[in-house]
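Peer 1: Need coordinates for the following:
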Amino acid sequence: MNRDEAMHALDSTDWTGATVEHGPRRSSFVYSVRVPNDLSELLDAEATRRGVTPSALIRDLVSAGLYAATDETVVTLRVADIHRAIDSAIRAAA
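Peer 2: Below you'll find the predicted structure:
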């Protein structure tokens, strides 16, 4: 896209619902990670399925994994419920 096309796109956009963000933008960091081909294909397919970029998907998955790993919420479960869940997962996998 050249400058004229970009200016035309900006001029033809309805900005009436836009909001202005005040204050500094949160800093972010870039991590370079090598993944095997099969994982890359899975990542691309899942990102396409969700309608997001692979970078956005990686960011979401890392965030969810890290928050889950540090969640120390105490949960009370009955042993019978755990056995039923395991049995159900085994039947579904068979």
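Peer 1: Residue 76: what's it in contact with?
Peer 2: Applying C-beta atoms under 8 Å, 6 or more residues apart in numbering, we find residue 76 in contact with no residue. To be clear about C-beta, it is placed using only N, CA and C from the backbone, and glycine gets the same treatment.
Peer 1: Now do the helices in the protein.
Peer 2: For the chain, the helices defined by DSSP state H cover 3-11, 37-50, 54-70, 79-93.
Peer 1: Make a markdown table out of those and add mean pLDDT.
Peer 2: Converted to a markdown table, the helices of the chain look like this (pLDDT from 0 to 100):
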| stretch | mean pLDDT |
| --- | --- |
| helix 3-11 | 84 |
| helix 37-50 | 96 |
| helix 54-70 | 93 |
| helix 79-93 | 94 |
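Peer 1: what about these, which gets the closest to residue 24?
Peer 2: Nearest to residue 24, of all these, is helix 54-70, at 20.0 Å by C-beta to C-beta.
Peer 1: And that closest one, what does it pack against?
Peer 2: Judged by 3 or more C-beta pairs under 8 Å, 6 or more residues apart in numbering; DSSP states H and E, the packing partners of helix 54-70 are helix 37-50.
Peer 1: So which elements touch the helix it packs on?
Peer 2: Helix 37-50 packs on helix 54-70, going by 3+ C-beta pairs under 8 Å, 6+ apart.
Peer 1: Kindly format the C-alpha coordinates of the helix it packs on as CSV.
Peer 2: Extracted in CSV, the C-alpha atoms of helix 54-70 (Å, rounded to 0.1, in the frame of the first residue of the first chain):
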residue,chain,number,x,y,z
PRO,A,54,-0.1,-17.0,15.1
SER,A,55,1.5,-14.3,17.3
ALA,A,56,-1.8,-13.5,19.0
LEU,A,57,-2.5,-17.2,19.5
ILE,A,58,0.9,-17.8,21.0
ARG,A,59,0.4,-14.8,23.3
ASP,A,60,-3.0,-16.1,24.4
LEU,A,61,-1.7,-19.7,25.0
VAL,A,62,1.4,-18.6,27.0
SER,A,63,-0.8,-16.2,29.1
ALA,A,64,-3.4,-18.9,29.8
GLY,A,65,-0.7,-21.5,30.6
LEU,A,66,1.3,-19.2,32.9
TYR,A,67,-1.8,-18.0,34.8
ALA,A,68,-3.0,-21.6,35.2
ALA,A,69,0.4,-22.7,36.5
THR,A,70,0.4,-20.0,39.1
